[in-house]
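Peer 1: Whatever this is, show me its structure:
(chains A and B)
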2 protein chains.
Amino acid sequence: MTTELIAALPGIVFITDAALVRQRSRDFFWYSPVLKRQLNGVKADAVALPKDEGEVIRILAECHARRIPVTPRGAGTGNYGQAMPLKGGIVLDLSAMDRVIWAKPGVLRAQAGAKLIAIDEQTRREVGGELRFHPSTKRTATIGGFIAGGSAGAGSCMWGSLREPGNILGLRVVTMEATPRVLELRGADIDKANHAYGTNGVITEVEVPLAPAQDWVDLMFGFPTLMDAARFADALTRADGIVKKLACVIAAPVPQQYFKHFEGVVPAGTHVVLAMVAAPFLEALPPYIERTNGRELYRCPTDQAAVPLYEHSWNHTTLQALKVDRSITYLQTLFPPPGHLALVEKMAAMFGDEVPMHLEFVRFGGEVTCFGLQLVRYTTEERLAEIIRLHEESGCPIFNPHAFTLEEGGMKRVDARQLAFKREADPLGLLNPGKMLAWDNPAWTPDAPRSHYMFGDADAPEVEDALGE
Amino acid sequence: MTTELIAALPGIVFITDAALVRQRSRDFFWYSPVLKRQLNGVKADAVALPKDEGEVIRILAECHARRIPVTPRGAGTGNYGQAMPLKGGIVLDLSAMDRVIWAKPGVLRAQAGAKLIAIDEQTRREVGGELRFHPSTKRTATIGGFIAGGSAGAGSCMWGSLREPGNILGLRVVTMEATPRVLELRGADIDKANHAYGTNGVITEVEVPLAPAQDWVDLMFGFPTLMDAARFADALTRADGIVKKLACVIAAPVPQQYFKHFEGVVPAGTHVVLAMVAAPFLEALPPYIERTNGRELYRCPTDQAAVPLYEHSWNHTTLQALKVDRSITYLQTLFPPPGHLALVEKMAAMFGDEVPMHLEFVRFGGEVTCFGLQLVRYTTEERLAEIIRLHEESGCPIFNPHAFTLEEGGMKRVDARQLAFKREADPLGLLNPGKMLAWDNPAWTPDAPRSHYMFGDADAPEVEDALGE
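Peer 2: Numbering: from 1, shown residues only, chains lettered A, B, ... in the order given. Below you'll find the predicted structure:
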């Protein structure tokens, strides 16, 4: 089947080597012990590497004719198997389509496979701009992968999440049909394919606004209590006059135990805030630090840091911990405003060091609040489920990072527009199958027990390579 | 006295012509019938026009030696007599010190007398930047005057008010002493002289952050109800991904009665929102407009408009009304979040067309809310005082635009830091005397009745000239 497909697509680069195909069929799903059990066996039949949109169209048409599933992918830096081919078939690796199409003051258009770090370097040089957001995987992730599989990151303390209208200006999408169409989604239509894991179209180009490029400074502050740290990060995020990119709270003893790059920097018992602030605004910080009993522990221009501070924030906090302790996993929690600080205090007291607090302060629907990416000292799937249940019962919704479907990892509801767009753009259901519950089971509701797509082996091997850095 | 002063300051330009001195002793205080009665007779003895900071220092030293009051002034676009010389003496007009000292990406340093519109033209051309804020008097006001006497304006829906840390990066201030000192205030020290009406130092240079220059588009939307309009402006201000500069709500029949530039544009009974949105984000607006039953009435790139829309917002709304109806005056109201929309609805119902609603949506302490600059169909001072009292009793603090002191026009409290800085920088109390209540009466409290500085004549002439445009 795969051999015939490859033969029918002369000139297109395919990877068929088993080890390489397995590698490009995976992401960082193994942060979750649940997904590690479920997804470890997932593997495509081959990986296609299109050089341009014409090749994408040819691949989709051939796969459509042969009913072969296609799972689009960027750099594979996701954490929930967003781009893992549950039903095999072809992984469509867009990383060779990495060109900036144009950049002008305030707006960028790029191919989906363009790397975030390369975009920022080019737009800074050419138009004095930079991307509003990036995930902690900025040094490897692609812009298309971030939009298809991500939602927030460094920059969300200024600009909210990628879902906020205006944070994406256009998506060019190829449909999965006998004769694939090329659609330009703009305005409200962007939501049809934004954060849809590539289940209803292959994103080939993106248009996004640029923020002004800044001279960022990495800063770490220490605080005597977790709530002092949280209040500082909250106040910094509220400070509309101060340009910042990161306001991340990490409870003791996480920095002391797991931040090998900052060994000896954080005194025992001290809770930290990691911040990125634009250089002109550093002079505005002292009153905020004093009011919350903080003190500065570390300062370095971001572009001069051996390891940028953002690689200790967002899900890199989890990765730094995993490098030291393989038993760690994590949550993704919304602390709804305006009571978010009280909820943080309550949940910290409820779980103590079993669930060390990690908060990312953000704008969310025009308000300041925080997401929790708490570490979890993992024991069993049952206890993990209980921890999640206790959060939700306390009014803290969990975006479950231990589930691989759009609905379960997200807002626990069917996105009717994305489902309708899949009917239009992928009528045979060949794009990234198994990720949109509402497609496979139209009767699905948030209360229905999940019963499908249990992959992988109980005796999955350890995943050593990604921790070797 | 004045003749001797002028003789002692060879080379410095003075204005002594009575009509010109009277003109440069005034601002737009006559928007308030109360201030019109109180301040109409205020007049300096002469106006000094320094060319540089050296001349400022010479003038202050001579005036200090002779105990002559000095009131610094920019373009005189204030509304509460901020720069009116209550005790006569010298008006120090800084408008000849109008140079941009340097502009680099993201930051500007300029002399205090630089005009806002000239700054924006130069920074747009040279570094792709523009001021974060401007008052509706952008075409005439100076940067130093805006900082000394203003607080918010177009841009406050993105950046909060000038008081938010980070919105001013540095102020260079000359003290009023036997030997004037030159101080650079930075960080938290900026608050010592920010919005102090020049009572405790003469600002000669300012350093402020720049926002990226945008292609702004003026937009007017119509709504069937005032609350639909308010909900649209609120949602637009909350939309963190959308770059905007204005979100102004004006109740019917104000646009129909008073907006001569938009005659026939606004149907009877329709309430409007005036917005400025950066061009790339126009496509994001339709869902917001639809959800609040709005429709577009007008669209024009700001730089192509005969009259920019911001000259119908902030206190230009009042001016447009005054051009047609001399009996109009206004309020300045805070609708505290998160209940601001309910308070707007309540106050609109309480006063109806006696106090036509005008709201400016802003960020305030990290939250979205609105200021009211409601028009008032004025009858008597007693009724005006009652309207103010009824607002305050309903939980809507009034920044009284019918008072000329810092404390009464502001938060009704003594700013201890500004008072302490005046002791240090103007120990004889010669700078803009009469504006800082706490200086003149250390026992003043917000509950104390005001009993000093009643100026002007009951039979003050009409002020025709400013309405002639």
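Peer 1: hey, let's count contacts and neighbours off CA atoms from now on
Peer 2: OK.
Peer 1: Next, count neighbours for the residue of the stretch 251-400 of chain A found nearest chain B.
Peer 2: Closest to chain B within the stretch 251-400 of chain A is A:Gly366: 4.0 Å, counting by CA to the nearest CA. Using other CA atoms under 10 Å in any protein chain shown, A:Gly366 is surrounded by 22 other residues.
Peer 1: nearest residue to it other than its sequence neighbours?
Peer 2: B:Arg238 (4.0 Å; CA to CA, 6 or more residues apart in numbering or on different chains).
Peer 1: Who are the contact partners of that neighbour?
Peer 2: A:Gly365, A:Gly366, A:Glu367, B:Val368 (CA atoms under 8 Å, 6 or more residues apart in numbering or on different chains).
Peer 1: thinking again about what came up before, need phi/psi at the residue of the stretch 251-400 of chain A closest to chain B.
Peer 2: Phi and psi for A:Gly366, reported as degrees, to the nearest 10, are phi 90, psi 0.
Peer 1: OK, contacts around it?
Peer 2: Contacts of A:Gly366 by CA under 8 Å, 6+ apart are A:Gly160, B:Thr237, B:Arg238, B:Ala239, B:Asp240, B:Glu367, B:Val368.
Peer 1: just A:Arg299 next, same as before
Peer 2: A:Val217, A:Asp218, A:Leu219, A:Met220.
Peer 1: a markdown table for those residues, including neighbour count, pLDDT and distance to A:Ala65?
Peer 2: Formatted as a markdown table, the contacts of A:Arg299 follow (neighbours: other CA atoms under 10 Å in any protein chain shown; pLDDT from 0 to 100; distance: CA to CA, whole Å):
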| residue | neighbour count | pLDDT | distance to A:Ala65 |
| --- | --- | --- | --- |
| A:Val217 | 24 | 98 | 52 |
| A:Asp218 | 23 | 98 | 52 |
| A:Leu219 | 21 | 98 | 54 |
| A:Met220 | 22 | 98 | 55 |
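Peer 1: Give me the subset of those residues lying in strands.
Peer 2: A:Val217, A:Asp218, A:Leu219, A:Met220 (DSSP state E).
Peer 1: Would it be right to say that A:Arg363 lies in a strand?
Peer 2: Yes. Under DSSP: H, G, I helix; E, B strand; the rest coil, A:Arg363 sits within a strand.
Peer 1: Kindly state the pLDDT recorded for the residue nearest to A:Gly366?
Peer 2: Predicted confidence (pLDDT) for B:Arg238: 97.
Peer 1: got it, and the one 4 residues further on?
Peer 2: Note on B:Ile242: pLDDT of 98.
Peer 1: now the one 4 residues further on
Peer 2: What the model reports for B:Leu246 is a pLDDT of 98.
Peer 1: Distance check, the residue most central in space within chain A against chain B.
Peer 2: Most central in chain A under CA atoms, centre = their mean is A:Gly150, positioned 3.6 Å from the mean C-alpha point. Noted for A:Gly150: a distance of 16 Å to chain B, by CA to the nearest CA, to the nearest Å.
Peer 1: pretty sure that residue is touching A:Gly78, no?
Peer 2: Yes. Between A:Gly150 and A:Gly78 there is a contact at 7.4 Å, judged by CA atoms under 8 Å.
Peer 1: Quick check: neighbours shared by those two?
Peer 2: By CA under 8 Å, 6+ apart, no residue touches both A:Gly150 and A:Gly78.
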